[in-house]
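Q: whatever this is, show me its structure:
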Amino acid sequence: MISKILIIMSNGGLCYGKTFVGDTDIDYDLVSGFLTAISSIAKEIGGGEIRSLNFRNFNFIYTRDDENLCMFIIVTDIDDSEEVVRDKLELLKTEFIDRFHTQLKNWDCETRKFEVFDEFVEERIFIPPKILLCGEEGVGKTAIMSLFPGETILELDDDLNEIIQKPITLSSLKRINECVLREMDLKELIDNSKIYRSLLDSVDIIILVTNSGASNLGRTQRLFFQLEKKVKKADFYVIANFQDLQNTSYEPGKVQEMFEIQTYGFCAIKREAKEKILEIISEMVRISIVQKIVSKQT
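A: Numbering: from 1, shown residues only. I've put the predicted structure just below:
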């Protein structure tokens, strides 16, 4: 996930900085000076232009514009696809140069004029967290998706299999105001994991939805053990649906003991279901995205 964006002038001065996740009190000028110095050293020793710097927890992905006016840097998580981030980096560079070419040629060290670029960065550069909602048929995946009105996006993978997804607005998290929720059948995902390899590698969170009944819990648990081996970075959670069926549904605490992963009780037919699922998803993003990145920075 993209955590920071830096745009540094050729003289080492920072002209634009944006933080999505983590500490906003960072000394951007100090960071830009360090990165500029590293870039200069690389050229001095004949190493050419730096394309990326890999740290233990983060990658710094670089590029420059054709006139060498600016150095563009995106800071990402160590597990993020550099190919995807570099596409975003090229888009960032092109748009920034197109908008501000004249100001950059005659820069007066005033950075406030570039603050209007925030809107473009938030809408086009930031990559919202990806959440995969999966489970067996009849466990309530579609009912959860239907809580969010609006157009459903049908994404086709390389083999033209449909992946149903929706953008979900989050209001309780600082600087992360959207995530992408995708729905898939759990067994289909496992049986065709090679087809869905890119999806499994790119999602941040996988939510296992169960109907909280004994038979479904047993099957979902077995499928979870298979899926877990195929996933590199995503965190797992369980939503124990149908909690209104008290005589047949296991309580969330019991389900959590079975799976040994964080479990949330839920009932998709209750009037407050949408608010509840938004609360659950926000907590998952806070734990798996925000807290992880913050802990890496300290």
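
Q: what about the stretch 51-200 of the chain, any weak spots by pLDDT?
A: 151, 154-163 (pLDDT under 70).

Q: quick one, helices of it?
A: Secondary structure of the stretch 51-200 of the chain (DSSP state H, counting those that start in this stretch): helices at 82-105, 118-120, 141-145, 186-191, 197-202.

Q: distance-wise, check the spatially most central residue of the chain relative to N177.
A: Centroid check for the chain by CA atoms, centre = their mean gives P129 as the closest residue, at 2.6 Å. With distances taken as CB to CB, to the nearest Å, P129 is found 11 Å from N177. Using the backbone N, CA and C atoms, a C-beta is placed for each residue, glycine as well.

Q: same question, A143
A: Distance from A143 to N177, by CB to CB: 24 Å.

Q: who's more crowded, the two?
A: A143 (18 against 14; other CB atoms under 10 Å).

Q: would you confirm that the more buried one contacts A268?
A: Yes - judged on CB atoms under 8 Å, A143 makes contact with A268 at a distance of 4.0 Å.

Q: any common contacting residues for these two?
A: N241 (CB atoms under 8 Å, 6 or more residues apart in numbering).

Q: now do the contacts for the nearest residue to N216 once chain neighbours are set aside.
A: Once flanking residues are discounted, N216 sits nearest to T210: 5.3 Å by CB to CB, 6 or more residues apart in numbering. For T210, the contact set (CB under 8 Å, 6+ apart) comprises 135-136, 139, 216-217, 220, 238-241, 255.

Q: point out the least confident one among these.
A: Taking those together, the minimum pLDDT is found at N216 (90).

Q: circling back to that earlier point, and the two most separated of the contacts of T210?
A: The most widely separated members of these, counting by CB to CB, are E136 and V255 (14.6 Å).

Q: neighbour count: those two, which is higher?
A: Between E136 and V255, counted using other CB under 10 Å, V255 has the larger neighbour count: 24 against 18.

Q: which element is that one on?
A: helix 252-259 (DSSP states H and E).

Q: buried ones in whichever helix or strand comes after that helix, by neighbour count?
A: Scanning forward in sequence from helix 252-259 by DSSP H and E, the next helix or strand is strand 263-265. Within strand 263-265, the residues that count as buried by 16 or more other CB atoms under 10 Å are 263-265.

Q: those into a markdown table, with extra columns for distance to D87?
A: A markdown table is the format used below for those (distance: CB to CB, whole Å):
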| residue | distance to D87 |
| --- | --- |
| T263 | 36 |
| Y264 | 34 |
| G265 | 40 |
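
Q: let me have these in a markdown table, extended by distance to Y62 and pLDDT.
A: Converted to a markdown table, the buried residues of strand 263-265 look like this (distance: CB to CB, whole Å; pLDDT from 0 to 100):
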| residue | distance to Y62 | pLDDT |
| --- | --- | --- |
| T263 | 42 | 97 |
| Y264 | 40 | 96 |
| G265 | 46 | 94 |
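
Q: how about C109, what does it touch?
A: Here C109 is in contact with G13 (CB under 8 Å, 6+ apart).

Q: before we move on, back to that, quick one: the helices of the stretch 51-200 of the chain as a markdown table, columns for distance to E279 too.
A: A markdown table is the format used below for these (distance: least, CB to CB, whole Å):
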| stretch | distance to E279 |
| --- | --- |
| helix 82-105 | 29 |
| helix 118-120 | 27 |
| helix 141-145 | 13 |
| helix 186-191 | 24 |
| helix 197-202 | 25 |
